[in-house]
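Undergrad: here are the coordinates; sequence isn't available:
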């Protein structure tokens, strides 16, 4: 058709009309997988891979593993391939997955609420020594991770774990991960409410169930009735925080939508008070919203925090009440600010029953299988059958009589597991780092340990609460944005113009007390070698310039950039 004044479109190029596929939200009718991860989850549930591991892969070896199982579904059972040794951080983002993969696995043991018997701890230690070259790391989500695991050994490891009531079920993957809880639930004198029953009930009803085994991304949960706010509730997808309602008594304040990584967000209160008996139902309602309304198109926007940010707390609560709970929630109070900054339970503390618990600090969460077995032995020798892990990469021995406390503290010191740590030992955390992690760019564990030693030597009288968190990449597994000094691993240029391992510096982050992400000083990066000098310099300026009682985070937020460089 020729173009005419009445029909100008006849000469215009035709535009291709594409149908908008939405964000992959199931509740909106968008069930077609929009990326490879969604496709392999639709093809087969991650929980089903266990049978193939037991009957095929463990018998035929690493090379027999289907790629979608190897780098996808096996996570549902706590298994990640670890980084091949010798690959430097500059190649992390440019190599293909099969080039980064070693033929060994990291295995994550799921420890809900951080609760372990000495028998369970000893079994983990034995597995570490027999199958994992002695490796063991306590994570900042209360789990224990082992390395150098061969696929041939996985069924036997599962058998041993499950024989003592442990598992790796949904320890990783797009599913409900470990439910973290107060490590002194039911024990601490100052506890508002004990959330142990709710953690156990959530685990019994939903973990390993296909009801929630295909989520848009991982789902992190926290439940604590401690006034210390000891489960970093602000950065979980869902958190139940102990509060005392004036009319209804002890219960939980409900938070949703927290998370870190490259788009950090502090969780928001829904303003709802939840009694203990209703926690599992409310948890299921929130994770149900995530499953049904969560964004599945882009992995970078698939966490619950993005949906909460788009909806706002009012709409989120309304959908939870109307579509999932079918009843209104009770309005409730916010939690009180904790009276102290340390929330790790390190040191000697009295229990409700008159006994004591003793919290101690391994170096940046790194232990080994032999040490875990020795901790179990020490606990039992001092009358305890229970230990705990914390979200600060620490451990606790429970039920120690007053007469045995000092003996236990001394025995722990002999193992370099101090219950009386310096601020640097107590406050430094590190992620797995380039030693094992395929996403990492720099080393973290040894760097964190040596930094502790240097700072203790240089600043022996420094006794302010301080957190120093080292992360091997931008993904913030070690919570860099909410540390007093957060160190994000990257390659930087040294004075000679050479590319070396280093860190971008975040300063003044915090949780609990005025939670926030701190600040980044423009261009502030330090090499790994310069790190002790830098931290010493900044801490001395803090000591010189701080006002009475001022925390490091508050000082860092007001200090000029020159003082922070």
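TA: In hand now; what should we look at? These figures come from a predicted structure and were not determined experimentally. Numbers count the residues shown, from 1 in each chain.

Undergrad: burial count for residue 536?
TA: Counted by other Cβ atoms under 10 Å, the residues lying close to residue 536 total 16. Quick note: C-beta positions are derived from backbone N, CA and C, even for glycine.

Undergrad: I'd guessed it sits against residue 458; true?
TA: Yes - with contact defined as Cβ atoms under 8 Å, residue 536 counts as touching residue 458 (5.0 Å).

Undergrad: Show me where the stretch 401-550 of the chain has its helices.
TA: Taking DSSP state H, counting those that start in this stretch, the helices of the stretch 401-550 of the chain run over residues 402-414, 423-427, 445-458, 531-545.

Undergrad: Please tabulate those in TSV, including the columns mean pLDDT.
TA: Output for the helices of the stretch 401-550 of the chain, formatted as TSV (pLDDT from 0 to 100):
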stretch	mean pLDDT
helix 402-414	98
helix 423-427	98
helix 445-458	98
helix 531-545	97
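
Undergrad: will you turn those helices into a markdown table that also has distance to residue 471?
TA: Output for these, formatted as a markdown table (distance: least, Cβ to Cβ, whole Å):
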| stretch | distance to residue 471 |
| --- | --- |
| helix 402-414 | 28 |
| helix 423-427 | 15 |
| helix 445-458 | 10 |
| helix 531-545 | 13 |
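
Undergrad: For the most centrally placed residue in the chain, which residues are in contact?
TA: Central residue of the chain (Cα atoms, centre = their mean): residue 141, 4.4 Å from the mean position. With contact taken as Cβ atoms under 8 Å, 6 or more residues apart in numbering, residue 141 is in contact with 177, 178, 180, 220, 391.

Undergrad: How about the secondary structure of the fourth one?
TA: In three-state terms, and counting by DSSP: H, G, I helix; E, B strand; the rest coil, residue 220 is strand.

Undergrad: Would you mind measuring from it to residue 231?
TA: 10 Å (Cβ to Cβ, to the nearest Å).

Undergrad: Those two - which one has more neighbours?
TA: residue 231 (31 against 21).

Undergrad: what residues are up against that one?
TA: Counted by Cβ under 8 Å, 6+ apart, residue 231 has contacts 180, 181, 182, 222, 223, 224, 239, 391.

Undergrad: from the residues you listed, which ones fall inside strands?
TA: The strands, defined by DSSP state E, take in 180, 181, 222, 223, 224, 239 from the contacts of residue 231.

Undergrad: Can you tell me which of these lies closest to residue 497?
TA: residue 180 (44.1 Å; Cβ to Cβ).

Undergrad: burial measure for residue 499, as a count.
TA: Counted with other Cβ under 10 Å, residue 499 comes out at 12.

Undergrad: I misspoke; the intended subject was residue 24.
TA: Counted with other Cβ under 10 Å, the neighbours of residue 24 add up to 20.

Undergrad: Contact partners for the nearest residue to it once chain neighbours are set aside?
TA: Of all residues not flanking residue 24 in the chain, residue 296 sits nearest, at 3.1 Å (Cβ to Cβ, 6 or more residues apart in numbering). With contact taken as Cβ under 8 Å, 6+ apart, residue 296 is in contact with 23, 24, 25, 26, 30, 33, 34, 35, 38, 216, 302.

Undergrad: confidence score at the fourth one?
TA: The predicted local distance difference test score for residue 26 is 97.

Undergrad: what separates it from residue 559, distance-wise?
TA: 48 Å.

Undergrad: before we move on, what about the second one?
TA: When Cβ to Cβ is the yardstick, residue 24 and residue 559 sit 44 Å from each other.

Undergrad: Check the fifth one too.
TA: Remark: distance between residue 30 and residue 559 (Cβ to Cβ) = 48 Å.

Undergrad: The last one too?
TA: Taking Cβ to Cβ as the criterion, residue 302 is separated from residue 559 by 37 Å.

Undergrad: which of the two has more neighbours?
TA: residue 302 (24 against 20).

Undergrad: thought the more buried one was touching residue 291?
TA: No - using Cβ under 8 Å as the test, residue 302 is too far from residue 291 to be in contact (11.5 Å).

Undergrad: Can you get me a residue count around residue 98?
TA: Neighbour count of residue 98, defined by other Cβ under 10 Å: 11.

Undergrad: again but with residue 423, I slipped
TA: 20.

Undergrad: And for residue 463?
TA: Number of residues near residue 463 (other Cβ under 10 Å) recorded here: 9.

Undergrad: For the nearest residue to it once chain neighbours are set aside, which residues are in contact?
TA: Spatial nearest neighbour of residue 463, chain neighbours left out: residue 423 (5.8 Å); criterion: Cβ to Cβ, 6+ apart. For residue 423, the contact set (Cβ under 8 Å, 6+ apart) comprises 462, 463, 464, 465, 466.

Undergrad: Between those residues, identify the one with the most neighbours.
TA: Most crowded among the contacts of residue 423, counting by other Cβ under 10 Å, is residue 466 at 23 neighbours.

Undergrad: I'd say it and residue 507 touch.
TA: No - with contact defined as Cβ under 8 Å, residue 466 does not reach residue 507; the gap is 11.4 Å.

Undergrad: Could I get the full set of helices for the stretch 251-400 of the chain?
TA: Under the criterion DSSP H, counting those that start in this stretch, the stretch 251-400 of the chain contains helices at 279-293, 304-311, 313-319, 369-381.

Undergrad: how about those helices in TSV, adding mean neighbour count, distance to residue 483 and mean pLDDT?
TA: Listed next are the helices of the stretch 251-400 of the chain as TSV, based on neighbours: other Cβ atoms under 10 Å; distance: least, Cβ to Cβ, whole Å; pLDDT from 0 to 100:
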stretch	mean neighbour count	distance to residue 483	mean pLDDT
helix 279-293	21	27	98
helix 304-311	21	19	98
helix 313-319	17	26	98
helix 369-381	20	26	98
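
Undergrad: So for residue 435, which of those sits nearest?
TA: helix 369-381 (16.7 Å).

Undergrad: next one: the closest one to chain centre, how far?
TA: How far helix 369-381 lies from its chain's middle: 25 Å, per Cα atoms, centre = their mean, to the nearest Å.

Undergrad: can you list contacts of it?
TA: For helix 369-381, using Cβ under 8 Å, 6+ apart, the contacting residues are 118-119, 121-122, 124-129, 132, 134-136, 144, 362, 367, 385-387, 395, 397, 408, 411-412, 415, 417.

Undergrad: let's go with 7 Å and repeat that
TA: Residues from elsewhere that reach helix 369-381, judged by Cβ atoms under 7 Å, 6 or more residues apart in numbering: 118, 121-122, 124-126, 128-129, 132, 134, 136, 387, 395, 397, 408, 411-412, 415.

Undergrad: Show the buried residues in those.
TA: With neighbours counted by 16 or more other Cβ atoms under 10 Å, these contain buried members at 118, 121-122, 124-126, 128-129, 132, 134, 136, 387, 395, 397, 408, 411-412.

Undergrad: List the buried residues in stretch 358-371.
TA: 358-369, 371.

Undergrad: now do stretch 381-397
TA: 382, 384, 386-397.

Undergrad: could you dump the residues you listed to TSV with pLDDT and distance to residue 324?
TA: Shown next, in TSV, are these (pLDDT from 0 to 100; distance: Cβ to Cβ, whole Å):
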residue	pLDDT	distance to residue 324
382	97	46
384	96	41
386	98	35
387	98	37
388	98	32
389	98	32
390	98	32
391	97	28
392	97	33
393	98	35
394	98	36
395	98	37
396	98	36
397	98	40
